[in-house]
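J.: Have a look at this fold, sequence not included:
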């Protein structure tokens, strides 16, 4: 039996800007999490998995198609 050392992996969310297409959309997030983020500065997680600290007006962007699809599936 041999032992292998695996490389370190970072499991923290990537909070950097420039998230590609996801930056061009407004995302679905629980309202209480948005309010909490506004107070604490903690990041939120959208239905599609995007992790970020909201700082732009979502009304200026189209809804993320992945978030919309997931929301519709949840609503039933």
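T.: That came in fine, so what should we check first? This is a predicted model, so every value here is computed, not measured. Residues are numbered from 1 along each chain as shown.
J.: chain center to the host helix or strand of residue 35: distance?
T.: Element membership for residue 35, per DSSP states H and E: helix 31-40. From the chain centre to the centre of helix 31-40 is a distance of 14 Å (Cα atoms, centre = their mean, to the nearest Å).
J.: Past that helix, which element shows up next along the chain?
T.: Assigned by DSSP H and E, the successor of helix 31-40 is strand 44-45.
J.: In terms of secondary structure, what does that following strand contact?
T.: helix 31-40, strand 51-52 (3 or more Cβ pairs under 8 Å, 6 or more residues apart in numbering; DSSP states H and E). (Each C-beta comes from the backbone N, C-alpha and C, glycine too.)
J.: What ranges does the chain have for its helices?
T.: 31-40, 65-75 (DSSP state H).
J.: Just the mean pLDDT for the last one, thanks.
T.: Model confidence over helix 65-75 averages 94 on the pLDDT scale.
J.: ok, back up a step: can you name every helix or strand that the helix holding residue 35 contacts?
T.: Partner elements for helix 31-40 (3+ Cβ pairs under 8 Å, 6+ apart): strand 44-45.
J.: what mean pLDDT would you report for the strand it packs on?
T.: Mean per-residue pLDDT for strand 44-45: 96.
J.: again, but for stretch 30-39
T.: For stretch 30-39, the per-residue pLDDT averages 92.
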